[in-house]
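Visitor: Requesting a structural model of the entry that follows:
(2 chains)
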Amino acid sequence: MADKLKFTIDGVEVQAEHGQTILDAADAAGIYIPRLCAHPDLKPIGSCRICTVVVNGRPQAACVQPAAEGMVVENDTPEMLEHRRNLIDMMFVEGNHFCMFCEKSGNCELQAMAYRFGITAPQYPSQFPDKDVDASHPDVMMDYNRCILCTRCVRASQELDGKNVFQSIGRGFGRKIGVNGRQALGDTDLNVDDRAADPTICPVGCIIKKRVGFEVPIGERKFDHEPIGSEIEKG
Amino acid sequence: MSKPKVATTSLAGCFGCHMSLLDIDDRILQLIDLVDFDKSPIDDIKTFTDRCAIGLIEGGCCNEENVHVLQEFRKHCDVLISFGDCATMGGIPAMRNNIPLAECFDEAYRTGVTVYNPDGIVPNDPDLPLLLDKVYPAHEVVKIDYFLPGCPPSADTLWAALTALLTGQPVELPYELLKYD
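Guide: Below you'll find the predicted structure:
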C-alpha cells in the first residue's frame, strides 16, 4: 500500500493520508471547502452540510468522508455554490439574525459565508421564530436567536472541557441547544475560560462573553477585508 | 435626451440609509448630472410626476401605508432597489415580530414606564395607517430587482451600485462593499 493516496478536487490532484477526510486533505492542499459545523479541534459530525461535495457523482459531507484513491471530487462548481447558498439562506431565515447590533458581526462565520457567496438578501420567506436570550450566567450569555445548531459548543464542552454543559434537545424545527437538560446557563458548571465559551467555537453570536463586546473596531475584524477561507487558500 | 429619473422613499426605516446616500458628498454633483430626482424626501416631491428608471426603497413594511407606497413604487419604477437591512431583512423594526400586536400597543401607550396616558387611550384615528401583523422585508410584498444590505449600506456601496446601473454595467459589489452591519 502506497504511503499516500491520490485523488482529484475539481481536476487538481490532491494527496491524502490514509483515513484523512476530504476536508482535511483539501485544507492541506490549499483548497478551501466551505464549512460551518466543522472545527479543527473537534470531531466532525457532518451536520450543517455546507461542506457537501460531489464524490464520484454522489453528494457527500467532506468533513466526515474519508479520502480514497482515485476519487473524483467536485467542490467549486455552480451546482455546489447554489446548494451552499440555499443552506446559508435557510439559516438566515430560520433565525433572527440582526447583524447591525450583534457583537459577533465581522467575526461571524455565517455572515462571512454569506459575504463569500455574495448573498445580498435571503430568497426564502423570513420565519422570525420566537427564541430566548439566556443571560443567567455571570460571564457568558446565550442568544438563541442567532444559533444555527452546529453543535460545536456541545462537542467542545464534552471533548475539550470534559464537561457536558450543552446538549442538542428536541427534533426538527423545534430542535435547540439545551443546557443541562432544560436549565439556565447560570445553573451549569460552565466557566468563562472553558473552550465551549471561546468565541472561536461558536461560529455565530449565540454564545458570547459578557463585557468584552465590540473590542475590535470596524475595519479590523476578521472578515472585514478578506473572505472566509482565504487563509487556507493562501496555504 | 432627458435624464433618467430616480425616486426614493423611507418606509419602516430610520432615514439612516438616506443619510448614507447623502454621504456620497460631492459625488452628489455627479449624480445630478446623471439623473433627476422624482418623488423623494430629498426634494420633497410627494407624488410621482413621471415614469422612473430607479426606485430606491429604504425600510420594510410595518403598516398599510408602507404597502401602498411600495406598490406605487413598483408601478412607477422600472427597477426597484431595496437598500439597507430593514428593506432587505426587516431590520430593527422586525424585532417586534415575535411580540403580539396588542402587547406592543400596551407597552407603547399604556404600560411603558415613561408613558403618561391616564385615560389609557390607544390612538385609533381613521387617518392613522393600520399596523400589519408583522414587519415584512420589501421583497416579501413586491418584486425587488436589486438588494444592497447594510445598516446603512455605505455611501461607497450606494455609489458603486447606482453608477453601475445608470451606466449599464452589471451591479457586482466588491467584497469589502457587501456588509450586513
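Visitor: which regions of chain A sit below the pLDDT cut-off?
Guide: Scanning chain A with the threshold set as pLDDT under 70 gives A:1-2.
Visitor: Near chain B, which residues of chain A are found?
Guide: A:92, A:96-102, A:105-106, A:111, A:114-115, A:118, A:120-122, A:125-126, A:128-131, A:218, A:224-227 (C-beta under 8 Å from any C-beta of the partner chain). In this view, the C-beta of every residue, glycine as well, is placed from N, C-alpha and C.
Visitor: So which of these are in helices?
Guide: Using DSSP state H to define helices, the subset of the residues of chain A next to chain B located there is A:92, A:111, A:114-115.
Visitor: With adjacent residues omitted, what lies nearest to the residue nearest in space to the middle of chain A?
Guide: Centroid-nearest residue in chain A, with C-alpha atoms, centre = their mean: A:L36, separated by 2.0 Å. The shortest distance from A:L36 to any non-neighbouring residue, by C-beta to C-beta, 6 or more residues apart in numbering or on different chains, is to A:C48 (4.4 Å).
Visitor: where's the most centrally placed residue in chain B relative to B:F83, distance?
Guide: Central residue check for chain B by C-alpha atoms, centre = their mean: the C-alpha nearest the mean position is that of B:E58, 1.4 Å away. Computed as C-beta to C-beta, to the nearest Å, the B:E58 to B:F83 distance reads 6 Å.
Visitor: anything in contact with each of these two?
Guide: Common neighbours of B:E58 and B:F83 (criterion: C-beta atoms under 8 Å, 6 or more residues apart in numbering or on different chains): B:C17.
Visitor: what about residue 82, which SS state?
Guide: As the question left the chain open, I've gone with chain A. helix (DSSP: H, G, I helix; E, B strand; the rest coil).
Visitor: try again with chain B
Guide: strand.
Visitor: May I have the phi/psi pair for A:K6?
Guide: Main-chain dihedrals, A:K6, degrees, to the nearest 10: phi -120, psi 140.
Visitor: do the same with B:G60
Guide: In terms of degrees, to the nearest 10, the main-chain angles of B:G60 are phi -90, psi -160.
Visitor: I'd like to know how many residues surround it.
Guide: Applying other C-beta atoms under 10 Å in any protein chain shown, we find 31 residues neighbouring B:G60.
Visitor: What residues does it make contact with?
Guide: Residues near B:G60 by C-beta under 8 Å, 6+ apart: B:11-13, B:66, B:86-87, B:89-91, B:93-94, B:135-138.
Visitor: Those residues: which two are farthest apart?
Guide: B:N66 and B:M89 (15.3 Å; C-beta to C-beta).
Visitor: What distance do you get for B:L148 to A:A121?
Guide: In terms of C-beta to C-beta, B:L148 sits 9 Å off from A:A121.
Visitor: Give me the more crowded residue out of the two.
Guide: Taking neighbours as other C-beta under 10 Å, B:L148 and A:A121 compare with B:L148 leading, 28 against 21.
Visitor: in the sheet, who's paired with the more buried one?
Guide: B:F83 (DSSP bridges).
Visitor: where's it relative to B:G91, distance?
Guide: 13 Å.
Visitor: What of A:T21?
Guide: Going from A:T21 to B:G91 by C-beta to C-beta gives 39 Å.
Visitor: domain assignment for chain A?
Guide: Using automatic domain parsing, the domain ranges for chain A come out as A:5-76, A:84-211.
Visitor: any shared contact partners between B:L148 and B:G91?
Guide: Joint contacts of B:L148 and B:G91 (C-beta under 8 Å, 6+ apart) are B:G84.
Visitor: Please enumerate the strands of chain A.
Guide: A:5-9, A:12-16, A:52-55, A:58-61, A:72-74, A:133-134, A:140-143, A:166-169, A:176-179, A:207-209 (DSSP state E).
Visitor: Could I get these in CSV, plus columns for distance to B:D23 and mean neighbour count?
Guide: Output for the strands of chain A, formatted as CSV (distance: least, C-beta to C-beta, whole Å; neighbours: other C-beta atoms under 10 Å in any protein chain shown):
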stretch, distance to B:D23, mean neighbour count
strand A:5-9, 43, 18
strand A:12-16, 44, 16
strand A:52-55, 41, 21
strand A:58-61, 44, 16
strand A:72-74, 43, 18
strand A:133-134, 33, 14
strand A:140-143, 31, 22
strand A:166-169, 43, 17
strand A:176-179, 40, 19
strand A:207-209, 30, 22
